[in-house]
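Trainee: mind folding the following:
(2 chains)
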Amino acid sequence: MKLLEIKDLNKSFDNKNILENINLEITNGRIVGLLGKNGAGKTTLIKLINDLLTPTSGEIFINGKRIGVESKKAISYLPERSYLNKQMKVSEVINYFEDFYTDFDTKKAKKLLKDLDLDINQKLSKMSKGMQEKVLLVLVMSRNADLYVLDEPLGGVDPATRDYILDTILSNFNENSTIIISTHLIADIERILDEVVFIDKGKIILQSDADKLRNNEKASIDEIFRRMFKC
Amino acid sequence: MEFTFDNNIPIYIQLLEYLKIYLISGVFKSGDKLPSVRDFATTFKVNPNTMQKALMELESMKLIYTERTNGKFVTKDEDLIKKLKDEYAMTLAKSYFEGMKRIGLGKADSIKYLEGVKD
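Mentor: Purely as a prediction, here's the structure:
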């Protein structure tokens, strides 16, 4: 089934085209990598999917319905930057999520935080940037959503934690949901992807099954990306 | 055991190799029930879809079969597994001799080296 469908989407700021003629279909049960250089339009596309920006033209559908209040329930979104009040303790943020999202699994969140050695009685302001990122990722992954949209989830975390996070994403992944991960750290995440979307200068230039692409090009996704976008 | 994957080769092909070794070495014997796709995916730390693809490939090679509602099982045809073992061993042997050839050693010399390997 089509979980996400984007039709003829355009977005421009001050007459500058940021996204041009985006057409994309993503089905249930996939882990999709949204891959592109800095400034390619990844975050803009993600914000449009989350109804945080208005398209200049075109449409976006989640589960066959135009995006709106309903789609916000279906999507769990990890933004590029944390929006949490840093004066809050982790436990308070958990309560906040519990109140806000009916699909939030508190038990799961607490378990994941414990696995990552994060203290729920600590204030966010007392945590390092990487720790804060981990907290937010845990919260986002602890919802039972249809679509998880993670914008650069691994940017500020160390390689060992990166592996743990990828394993967490995998073990929490069920065949009814889909995860879209935007990143430029391709080598780190490509093992968990089953589909890749390359975006460059506001256009989607490739959508493919990850293993098929490796097979055709006889190279890793990272290598293919580097070749394609050589500066 | 920690499984490592080379990003340059399709992951499902590498999974297929691991699974073949399981069958050849008897980790799963003829007629044994296999873990679920989900459990396998957790063990190998891979995407369940990729795991599914590797298992489908193994099934198309008749090395495993699906019993509806019951899960997946290793083939009861022991000859098929024996054949797989022979082929696998032959591939390893060939690659050994190829490597020796690259450093200028013929078959007879290569075998001498083999015999010199201590357990």
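
Trainee: what does the helix-or-strand element of chain A with minimal mean pLDDT contact?
Mentor: Every helix and strand of chain A was ranked by mean pLDDT, DSSP states H and E. The lowest is helix A:159-171, at a mean of 84. With CB atoms under 8 Å, 6 or more residues apart in numbering or on different chains as the test, helix A:159-171 has contacts from A:31, A:112, A:115-116, A:130, A:134, A:137-138, A:141, A:153-154, A:157, A:179, A:181, A:185, A:188-189, A:191-192, B:41-42, B:45-48. Glycine gets a C-beta too; all of them are placed from N, C-alpha and C.

Trainee: hmm, 10 Å instead?
Mentor: A:31, A:112, A:115-117, A:130-131, A:133-134, A:137-138, A:141, A:148, A:150, A:153-155, A:157-158, A:179, A:181, A:185, A:188-189, A:191-192, B:38, B:41-42, B:44-48 (CB atoms under 10 Å, 6 or more residues apart in numbering or on different chains).

Trainee: show me what the next helix or strand after that helix packs onto, helices and strands only.
Mentor: Helices and strands here follow DSSP states H and E; after helix A:159-171, the next one along the chain is strand A:178-183. Helices and strands touching strand A:178-183, by 3 or more CB pairs under 10 Å, 6 or more residues apart in numbering or on different chains; DSSP states H and E, are strand A:2-13, strand A:16-27, strand A:31-35, helix A:42-49, strand A:75-78, strand A:147-151, helix A:159-171, strand A:195-200.

Trainee: can I get the CA coordinates of strand A:178-183 in CSV?
Mentor: Taking C-alpha atoms only, strand A:178-183 is exported to CSV below (Å, rounded to 0.1, in the frame of the first residue of the first chain):
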residue,chain,number,x,y,z
THR,A,178,8.1,2.9,7.2
ILE,A,179,11.1,4.9,8.2
ILE,A,180,12.6,7.7,6.1
ILE,A,181,16.1,8.7,7.2
SER,A,182,17.7,11.7,5.7
THR,A,183,21.5,11.8,6.0
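
Trainee: how big is the angle separating that strand from strand A:16-27?
Mentor: Orientation note: strand A:178-183 sits at an angle of 140 degrees relative to strand A:16-27 (axes from the mean of the first three to the mean of the last three CA atoms, to 10 degrees).

Trainee: just checking, what packs against the helix or strand that strand A:178-183 is followed by?
Mentor: Moving toward the C-terminus from strand A:178-183, the next helix or strand (DSSP H and E) is helix A:186-189. Under the contact definition 3+ CB pairs under 10 Å, 6+ apart, helix A:186-189 sits against strand A:31-35, helix A:159-171, helix A:221-228.

Trainee: list the buried residues of helix A:186-189.
Mentor: Neighbour counts over helix A:186-189 (16 or more other CB atoms under 10 Å in any protein chain shown) mark A:186, A:188-189 as buried.

Trainee: what distance separates the least confident helix or strand of chain A from the centre of its chain?
Mentor: 14 Å (CA atoms, centre = their mean, to the nearest Å).

Trainee: got the helices and strands packed on helix A:186-189 as TSV, with mean neighbour count and distance to A:Gln207 columns?
Mentor: Listed next are those as TSV, based on neighbours: other CB atoms under 10 Å in any protein chain shown; distance: least, CB to CB, whole Å:
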stretch	mean neighbour count	distance to A:Gln207
strand A:31-35	25	9
helix A:159-171	16	21
helix A:221-228	18	13
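
Trainee: B:Ile81 is nearest to which of those?
Mentor: With CB to CB as the criterion, B:Ile81 lies closest to helix A:159-171 of these, at 30.0 Å.

Trainee: the inter-axis angle of the closest one versus strand A:147-151?
Mentor: Using the same axes, to 10 degrees: helix A:159-171 against strand A:147-151 is 160 degrees.
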